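K.L.:
take a look and give me a structure for this.
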Amino acid sequence: MASVVALLLLAILTAFPAAATQYKEGDEVSLFVNKVGPYFNPQETYHYYSLPVCRPKKVVFRSLTLGEVLAGDRMALSTYSIRFKESFDRKELCVVELKRHDLHKLTEAIEDLYYFEFVYDELPIRGFIGHLEEGSFLPHHHKTFLWTHLHFTFTYNGDQVISANVSTLGTSPLALDDIELPYKVTFTYSAKWFPTQKKYSERNKNQPKFFPKTLEIHWLSIINSVVLVCLLLGFVMLILLRVLRNDFARYNLMDGEEDDIPDQDDIGWKIINTDVFRFPPHKSLLCAILGNGSQFLALSVAIIVLALFGMFNVHRHHAMNSGAILLYAFTSCISGYVSASFFKKIGGHNWVWNVVLTASLFAVPFFFMWSLVNTVAWYHQSTQALPFTTIILLMCIWLVVGFPLTVLGGILGKNVSGGLDAPCRTKNIAREIPPAPWYRSTVVHMAIGGFLPFSAISVELYYIFATVWGREAYTLYGILLVVFVILINVTGCISIALTYFQLSTEDYRWWWRSIFSSGSTGLFVFGYALFYYYKRSHMYGTLQTLEFFGYTLLACYVFFLMLGTVSFYTSLTFVRYIYRNIKMD
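P.N.:
A predicted model of the protein is given here:
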């Protein structure tokens, strides 16, 4: 119920675009400076005023949303004065005296291809700090230039700002290698306004692209992947159904027919009917995994559905970050309910420890990884380091909303849960498990169960990485929903097949193996992350590398929890089905 309320609240808050601000000619429109950072490191950002540039005597920061803070935004009021529909050729911004450490900081920034980001009427404006010029190997020359003049171009429709851009065309940069310190630099700027017929609702379409567009939709590859996965599913299920039909016919022979097939009960999965529902070890951990996996499944579906309905529109910066945090907190009741409910079904007693473990299973690794990344970001004075007030807010969200809802869900699950409803009785003494060939080992099952779901999402995974760790804006939510549904179906089908093969070898320890067999998809995703980092991206540096691999590890852990949960419940349903449909002695 809480998750439904959260979904409705979030829909109301994000469904409607931000209201357009209307201006009169000559009105002051504030230009905010935001951040700077290396061009090829999307998550390594620093505040604009960390460089020796024009700054006011007192820095006034803009109030930001939670999503903007999490994305590293730190908007502050600038010294630029740009009035609505008033063009001018050149104005002096300020004069900055460069000293040795200032020159060193600017030179390093230009060599690392630092770009800046301003915000004007909620429109991002980006440009480079300077220009790097390098010659051939022999003779080699290396020069750095600083852009001291910026030309702003704006378009308007009536009383609304439609587009904003900045350029350095027609201006000469300052050669930093030829100056004598201390050196006074004069920063200037100009602005031009042009009318347009474009509507305010279309202001984000066909905007000038500062970052290169690398995200091309390969529809043929996506369709080919979907068709191959569907054929694979049909092939596996057809064979499995045929084998099961033969098994049911063999195990359900009438008494007069049993002599035709001697020793029919001495082999196969029927012989372990008194052990197949023997409860596994580490019950609490198993249930905690199922609870967290169910929560992330609900969270993923909610985010995709909200995105499909346009809740995370371009007018609300980083609204998905805020939405994901709130949805995670409010869906905590799902993890508590699922974990405690199943814990009671399999004979668990210490439900308090089970609820605490459920609440901590993802939160503790996430907190550890975030603390490590945030500490390194703080050491580098990056805007990716969260402010103290934001940290307190996030902790309060979890302590006041997330953890109590987990406990509430656990209490509810414990009280309403019944028995496991197993179709077979379990003997007190466990049956001896015969040795299995190497190709039916846990490692081989993990390789097969992880690779097939990964193959279903491998094409879409590139677009997701290019969005999260690149500069792209993800818009293919319809395709993402289709791929997500296919992923769930592939995981379920392959888990049924692997569980059947395991039971056929008279190995009844399917509980944990069903989780690890498909949960291993996270390992393949991490392998792809290694490939993407070294072959598809140009990221470098300690901070960016730590953020990439740290948060990617957490994402792979989420894959393990989600797909492991899907695999387990599918296997449980399958095992119940086959043992209900055979005759028991």
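K.L.:
tell me how far Ala249 lies from Leu176.
P.N.:
According to Cβ to Cβ, to the nearest Å, Ala249 and Leu176 sit 84 Å apart. Every residue, glycine included, has its C-beta placed from N, CA and C.
K.L.:
more neighbours, the two?
P.N.:
Leu176 (19 against 10; other Cβ atoms under 10 Å).
K.L.:
the more buried one: what's it in contact with?
P.N.:
Leu103, Leu106, Thr107, Ile110, Gly130, Thr144, Phe145, Leu146 (Cβ atoms under 8 Å, 6 or more residues apart in numbering).
K.L.:
need the phi and psi values for it.
P.N.:
Torsion angles at Leu176 (phi, psi; degrees, to the nearest 10) stand at phi -70, psi -20.
K.L.:
so where does the nearest residue to it once chain neighbours are set aside fall, helix or strand?
P.N.:
Leaving aside its chain neighbours, Leu176 sits nearest to Thr144 (4.8 Å; criterion: Cβ to Cβ, 6 or more residues apart in numbering). Assigning secondary structure by DSSP states H and E places Thr144 in strand 142-146.
K.L.:
direction included, what does that strand pair up with?
P.N.:
strand 130-134 (antiparallel), strand 174-175 (antiparallel) (DSSP bridges).
K.L.:
so which of those is nearest Val443?
P.N.:
Nearest of the strands paired with strand 142-146 to Val443, taken as Cβ to Cβ: strand 130-134 at 49.4 Å.
K.L.:
buried residues in the closest one?
P.N.:
Using 16 or more other Cβ atoms under 10 Å as the burial criterion, the residues of strand 130-134 that qualify are Gly130, His131.
K.L.:
Thr274: which of the strands paired with strand 142-146 is closest?
P.N.:
strand 130-134 (73.8 Å).
K.L.:
Val161 - that's part of a strand, no?
P.N.:
Yes: per DSSP: H, G, I helix; E, B strand; the rest coil, Val161 lies within a strand segment.
K.L.:
now the helix or strand hosting Cys333: mean pLDDT?
P.N.:
Following DSSP H and E, the helix or strand that holds Cys333 is helix 332-345. Averaged over helix 332-345, pLDDT sits at 95.
K.L.:
and the contacts of it?
P.N.:
Under Cβ under 8 Å, 6+ apart, the answer for helix 332-345 is 1-3, 283-284, 287-288, 290-292, 294-295, 298, 351, 354-355, 358-359, 401-403, 405-414, 416-420.
K.L.:
next SSE after it?
P.N.:
Using DSSP H and E, the helix or strand that follows helix 332-345 towards the C-terminus is helix 351-379.
K.L.:
picking that back up, what residues does the strand holding Thr144 touch?
P.N.:
Residues outside strand 142-146 that contact it (Cβ under 8 Å, 6+ apart): 106-107, 110-111, 129-135, 173-177, 185.
K.L.:
if we go to 7 Å?
P.N.:
106-107, 110-111, 130-134, 173-177 (Cβ atoms under 7 Å, 6 or more residues apart in numbering).
K.L.:
what's the weakest-modelled helix or strand in this structure?
P.N.:
helix 2-14 (a mean of 45; mean pLDDT, DSSP states H and E).
K.L.:
so where is the stretch 401-550 of the chain shaky, pLDDT-wise?
P.N.:
Where the stretch 401-550 of the chain drops to pLDDT under 70, the residues are 472-473.
K.L.:
switch to 80 and redo it
P.N.:
The stretch 401-550 of the chain contains residues with pLDDT under 80 at 470-476.
K.L.:
dump the residue contacts of Leu31.
P.N.:
Contact analysis of Leu31 by Cβ under 7 Å, 6+ apart lists Ser78, Tyr80, Ile82, Phe118, Tyr120.
K.L.:
quick one: which of the residues you listed has the most company?
P.N.:
Ser78 (24 neighbours).
K.L.:
quick check: phi and psi at that residue.
P.N.:
Backbone torsions for Ser78, taken as degrees, to the nearest 10, come to phi -100, psi 180.
K.L.:
now swap in the one 10 residues further on and tell me
P.N.:
Phe88 has phi and psi values of phi -150, psi 160 when expressed as degrees, to the nearest 10.
K.L.:
and what of Arg62?
P.N.:
Main-chain dihedrals, Arg62, degrees, to the nearest 10: phi -90, psi 150.
K.L.:
burial of it, as a residue count?
P.N.:
By other Cβ under 10 Å, the residues close to Arg62 number 15.
K.L.:
quick one: pLDDT of the closest residue to it other than its chain neighbours?
P.N.:
Leaving aside its sequence neighbours, Arg62 sits nearest to Met75 (Cβ to Cβ, 6+ apart; 4.1 Å). Looking at Met75, its pLDDT reads 94.
K.L.:
how about Met75, what does it touch?
P.N.:
Phe32, Asn34, Phe61, Arg62, Leu64, Val119.
K.L.:
and Ser167, what does it touch?
P.N.:
The contact partners of Ser167, taken as Cβ under 7 Å, 6+ apart, are His151, Thr153.
K.L.:
the helix or strand harbouring Leu306: how far from the chain's middle?
P.N.:
Applying DSSP H and E as the criterion places Leu306 in helix 283-308. Chain-centre distance of helix 283-308: 13 Å, with Cα atoms, centre = their mean, to the nearest Å.
K.L.:
just stretch 429-445 next, same as before
P.N.:
So, by Cα atoms, centre = their mean, the centroid of stretch 429-445 is 36 Å from its chain's centroid.
K.L.:
who's in contact with that stretch?
P.N.:
For stretch 429-445, contacts defined as Cβ under 7 Å, 6+ apart pick out Ile272, Asp275, Arg278, Leu498, Phe501, Gln502, Thr505, Glu506, Asp507, Arg513, Phe516, Ser517.
K.L.:
just checking, next helix/strand downstream of the helix holding Leu306?
P.N.:
By DSSP H and E, the next helix or strand past helix 283-308 is helix 319-330.
K.L.:
report the angle between that next one and helix 351-379.
P.N.:
In terms of direction (axes from the mean of the first three to the mean of the last three Cα atoms, to 10 degrees), helix 319-330 departs from helix 351-379 by 150 degrees.
K.L.:
which strands and helices sit next to helix 319-330?
P.N.:
helix 2-14, helix 66-70, helix 283-308 (3 or more Cβ pairs under 7 Å, 6 or more residues apart in numbering; DSSP states H and E).
K.L.:
winner for burial among those?
P.N.:
When you average the neighbours per residue for each of the helices and strands packed on helix 319-330 (mean count of other Cβ atoms under 10 Å), helix 283-308 leads with a mean of 22.
K.L.:
tell me what the longest strand seen in the chain is packed against?
P.N.:
With secondary structure taken from DSSP state E, the chain has its longest strand at strand 183-195. With contacts defined as 3+ Cβ pairs under 7 Å, 6+ apart, strand 183-195 has these neighbours: strand 88-98, strand 149-157.
K.L.:
and the longest one, what's buried?
P.N.:
Pointing back at strand 88-98 there. Leu93, Val96, Leu98.
K.L.:
the residue lying closest to the second one once chain neighbours are set aside: neighbour count?
P.N.:
Closest residue in space to Val96, ignoring its immediate chain neighbours: Val185 at 5.0 Å, by Cβ to Cβ, 6+ apart. Applying other Cβ under 10 Å, we find 19 other residues in the vicinity of Val185.
K.L.:
and Val185, what is it in contact with?
P.N.:
By Cβ under 7 Å, 6+ apart, the residues touching Val185 are Val95, Val96, Leu98, Thr148, Leu174.
K.L.:
now for these, which pair is the farthest apart?
P.N.:
Farthest pair in these, by Cβ to Cβ: Val95 and Leu174, 12.7 Å.
K.L.:
poorly predicted segments of the stretch 251-400 of the chain, please.
P.N.:
In the stretch 251-400 of the chain, residues with pLDDT under 80: 251-268, 270, 310-318.
K.L.:
if we can go back for a sec, what is the nearest of the contacts of Leu176 to Leu232?
P.N.:
Of these, the one sitting nearest to Leu232 (Cβ to Cβ) turns out to be Ile110, at 51.5 Å.
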